[in-house]
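Colleague: what follows is a predicted protein model with its sequence.
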Number of protein chains: 2
Amino acid sequence: MAPIVAQSTTMQTVHVALAERSYPIYIGEGLLENAAVLVQHLPQKRAAIVSDTTVAPLYLDTLVKALTAAGISVTSVVLPSGEQYKDWRTLNTVFEALLDQHCERKTALIALGGGVIGDLTGFAAATYLRGVPFVQVPTTLLAQVDSSVGGKTAVNLPRGKNLVGAFYQPLAVIADTATLKTLPPRELSAGLAEVIKYGLMRDTTFFEWLEENMEALVALDANALAYAVQRSCENKAAVVAADEREESGQRALLNLGHTFGHAIESTLGYGSWLHGEAVAAGMVIAARVSQQMALIDEATVQRIVQLLERARLPTKAPALGFERYLGAMGLDKKVEGGKIHFILLRAIGDAFLTADVPRSALAAAINSSS
Amino acid sequence: MAPIVAQSTTMQTVHVALAERSYPIYIGEGLLENAAVLVQHLPQKRAAIVSDTTVAPLYLDTLVKALTAAGISVTSVVLPSGEQYKDWRTLNTVFEALLDQHCERKTALIALGGGVIGDLTGFAAATYLRGVPFVQVPTTLLAQVDSSVGGKTAVNLPRGKNLVGAFYQPLAVIADTATLKTLPPRELSAGLAEVIKYGLMRDTTFFEWLEENMEALVALDANALAYAVQRSCENKAAVVAADEREESGQRALLNLGHTFGHAIESTLGYGSWLHGEAVAAGMVIAARVSQQMALIDEATVQRIVQLLERARLPTKAPALGFERYLGAMGLDKKVEGGKIHFILLRAIGDAFLTADVPRSALAAAINSSS
């Protein structure tokens, strides 16, 4: 199959269609320095950037300079880096900083960083003064293809991830693919887990393209990365447009691998596995459950496992035992009427939601994948 | 003028028109015992009631029994009572209780209490699992005519009131006017401040009706109270429908008296003045500023002062000095582009928003009203 790669020098725009909350995702190399793209979305000549101690040293100056040159008055808040800081305390740090700077209802918050910064800043934007404008500038592959698109914002509670949050759409998402060059290989792989997920859940052609191009992606080939980001965003945008608030079940399909993934993360304690790594192992469990229920065959499971391995992702969950996984899943947001909903596969590119999973299939899948 | 009172034995319904977020406000005596009105709005045969140590002993049993008899499984959370508990810590208590009870995305939160319980429970509902169904059962006059209508939810920060929150509409509001009988007189008066505000800002006929019926309201006349609640809700519903998120300036008019009122509350520390009391004194300051700017005459100011006094409300702000008031207003949410917006009066029933207030008029008004 020939690579379907667009020219990377031009900026691609993916449109997220949500009526009056619609917004564009701009994808391209060097967009951080091109302030015009961002500035057109700011309702006021002021903005507050929220970043963290990992990303700020790399990109904060670039963004501040570009915005300042475009006549925007900028303040910034740099938070400690890591999932363990995605909590109330850090959120309050942001609110205090915004109050110190007298940020107003029309002062946009710009999230510059990965998924944690995007989720936390988005929730701050959703709730500060009951909602202020919000722009996402994701700098990790995971954030570019997943967390910055779709309006899910949240913080964690001690009892679980993302238990408190809001659906709050940004005015724009600016994905500068040049920032992926500084990404540690493990984080690139974690992002690729979500990229693979789009193929697996609803886009067979993209899955096949990934089978052709995985080595190019791992080697940070600019064209391949730009295309993977674009196609992922297109898939996510289509799902979010059809089911913004996860009401019809369509959006829930984006959680393929996540029910098991969250169980891995929460059981091990956040931070030992990256989110994308847990999702990779979770997708293998979902595939194994599907196989146990005779929905897909061993060859299909192996195709999935092999693609994940080529993306340098784990395909086996930690051996914590079936009961501990079940307990961890009991608090999952996808619980309804006391039942856990699972996302299984009928084929590569065809995921579906069901509450009808025999305990034996679940036990066999978890035991054979961990 | 003849009283325009509808029969109080029948339930009145005021419709808040917000497209897919539209909802009814039911007003009537004994609605707490009539679970059918509430139950029709619950998406699941489970609900969690949030109340406080003041209201729970009076009405929690009644509501739980009515719901249980209607086949609803009910859990409840009773919080400490008072504005000082409208904070992160109490919010987390609610989240912990909801997690303990495995409350899900379709489990409705029911706020049973005054404005603090409504605001905090509403914000919990807006953010728990990124949003769960929400029903308001306001038990104070203030909550029935103001805070439970319009979807504003919030918690306080140490730096100011309602600085963090969300616009989140309930599925229904159930205002049982029988609950007003247990309201302390001071709280009844505080609620009347907001009732008077509607007349003052946009409803001359209602202001005149209040001039005719203030003694009946203070004496807890059932018919008069039901009519005042209904007419207040109609006014608020019309404003909220025209400007849900306070974007066009119309909704901002509901803050008549509040810019000064918040300054009084925050300067004295929350809890020493009731919100409605601060708003009453704030409305007199707004009237005095309007008079200083030759928009209204002394006789009009006196009409306002007299109606507030008959409602047993304070009409003079604490003498804290002009500079302290200015400082306290600097953090107000209504600040835009560094300027403070004021709501002034052209006449009784005709409020408007302006940033164009001479410092001298402000100083004279504050000094003469405190």
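Modeller: That came in fine, so what should we check first? Residues are numbered from 1 along each chain as shown, chains lettered A, B, ... in the order given.
Colleague: how about residue A:176, what does it touch?
Modeller: Residue A:176 makes contact with A:28-32, A:137, A:139, according to C-beta atoms under 8 Å, 6 or more residues apart in numbering or on different chains. Bear in mind the C-beta positions are built from the backbone N, C-alpha and C, glycine included.
Colleague: next: residue A:64.
Modeller: Counting by C-beta under 8 Å, 6+ apart, residue A:64 touches A:49, A:74, A:76.
Colleague: now those: which count as buried?
Modeller: A:49, A:74, A:76 (16 or more other C-beta atoms under 10 Å in any protein chain shown).
Colleague: show only the entries of those found in helices.
Modeller: Judged by DSSP state H, those include no members of helices.
Colleague: which one of those residues is nearest residue A:325?
Modeller: residue A:49 (39.3 Å; C-beta to C-beta).
Colleague: I'd assumed residue A:135 was in a strand, is it?
Modeller: Yes - Residue A:135 sits within a strand when classified using DSSP: H, G, I helix; E, B strand; the rest coil.
Colleague: next one: it from residue B:200, what distance?
Modeller: Going from residue A:135 to residue B:200 by C-beta to C-beta, to the nearest Å gives 40 Å.
Colleague: which one of those two is surrounded by more residues?
Modeller: residue B:200 (27 against 23; other C-beta atoms under 10 Å in any protein chain shown).
Colleague: on the three-state scheme, that one is what?
Modeller: With three-state DSSP as the criterion, residue B:200 reads helix.
Colleague: contact partners for it?
Modeller: B:207, B:256, B:283, B:304, B:345, B:348-349, B:351.
Colleague: could you pull out the buried residues of stretch A:286-305?
Modeller: By 16+ other C-beta under 10 Å, the buried positions in stretch A:286-305 come out as A:286-293, A:295-296, A:300-301, A:303-305.
Colleague: just the residues you listed now: which is nearest chain B?
Modeller: Using C-beta to the nearest C-beta, residue A:286 comes nearest to chain B of the buried residues of stretch A:286-305, at 21.0 Å.
Colleague: on the pLDDT front, check that closest one for me.
Modeller: pLDDT for residue A:286: 96.
Colleague: not counting its neighbours along the chain, what's nearest it?
Modeller: residue A:257 (5.5 Å; C-beta to C-beta, 6 or more residues apart in numbering or on different chains).
Colleague: show me what contacts the one you found?
Modeller: Contacts of residue A:257 (C-beta under 8 Å, 6+ apart): A:193, A:197, A:279-286, A:343.
Colleague: most neighbours of all those, which one?
Modeller: Counting by other C-beta under 10 Å, top hit in the contacts of residue A:257: residue A:280 with 33 neighbours.
Colleague: check contacts around it.
Modeller: Counted by C-beta under 8 Å, 6+ apart, residue A:280 has contacts A:193, A:196, A:257, A:261, A:308, A:311, A:313-315.
Colleague: export these as TSV, with columns for distance to residue B:360.
Modeller: TSV is the format used below for the contacts of residue A:280 (distance: C-beta to C-beta, whole Å):
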residue	distance to residue B:360
A:193	64
A:196	68
A:257	66
A:261	64
A:308	72
A:311	69
A:313	69
A:314	71
A:315	74
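Colleague: which members of the residues you listed are positioned in helices?
Modeller: Checking the contacts of residue A:280 against DSSP H, those in helices are A:193, A:196, A:261, A:308.
Colleague: the contacts of residue B:200: which two are farthest apart?
Modeller: Maximum distance among those (C-beta to C-beta): 13.2 Å, for B:283 and B:349.
Colleague: circling back to that earlier point, nearest to residue B:69, of the buried ones among the contacts of residue A:64?
Modeller: Distances from residue B:69 to the buried ones among the contacts of residue A:64, taken by C-beta to C-beta, are shortest for residue A:49, at 54.7 Å.
Colleague: so how far is residue A:35 from the closest one?
Modeller: On the measure of C-beta to C-beta, residue A:49 and residue A:35 end up 12 Å apart.
Colleague: so what sits against both of those two?
Modeller: Contacts common to residue A:49 and residue A:35, judged by C-beta under 8 Å, 6+ apart, are residue A:63.
Colleague: where do the strands sit along chain A?
Modeller: A:12-16, A:23-28, A:46-52, A:73-79, A:108-113, A:134-138, A:152-157, A:160-167, A:172-176, A:335-336, A:339-340, A:342-347, A:350-354 (DSSP state E).
Colleague: now check stretch A:20-30, is it near chain B?
Modeller: No - using C-beta under 8 Å from any C-beta of the partner chain, stretch A:20-30 stays clear of chain B, with a minimum separation of 10.5 Å.
Colleague: how about stretch A:30-37: buried residues?
Modeller: A:31-32, A:34-35, A:37.
Colleague: isn't residue A:86 right up against residue A:155?
Modeller: Yes - with contact defined as C-beta atoms under 8 Å, residue A:86 and residue A:155 form a contacting pair (5.4 Å).
Colleague: between the contacts of residue A:64, which is closest to chain B?
Modeller: Nearest member of the contacts of residue A:64 to chain B, counting by C-beta to the nearest C-beta, is residue A:74, at 16.1 Å.
Colleague: contact partners for the closest one?
Modeller: A:46-49, A:64, A:67-68 are the contacts of residue A:74 under C-beta under 8 Å, 6+ apart.
Colleague: now swap in residue A:39 and tell me
Modeller: By C-beta under 8 Å, 6+ apart, the neighbours of residue A:39 are A:67, A:70-72.
Colleague: redo those residues as CSV? Include neighbour count.
Modeller: Below are those laid out as CSV (neighbours: other C-beta atoms under 10 Å in any protein chain shown):
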residue, neighbour count
A:67, 21
A:70, 16
A:71, 9
A:72, 19
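Colleague: neighbours of the closest residue in space to residue A:79 that isn't next to it in sequence, just the number please.
Modeller: Spatial nearest neighbour of residue A:79, excluding adjacent residues (C-beta to C-beta, 6+ apart): residue A:52 at 4.9 Å. Residue A:52 has 25 neighbours, counted by other C-beta under 10 Å.
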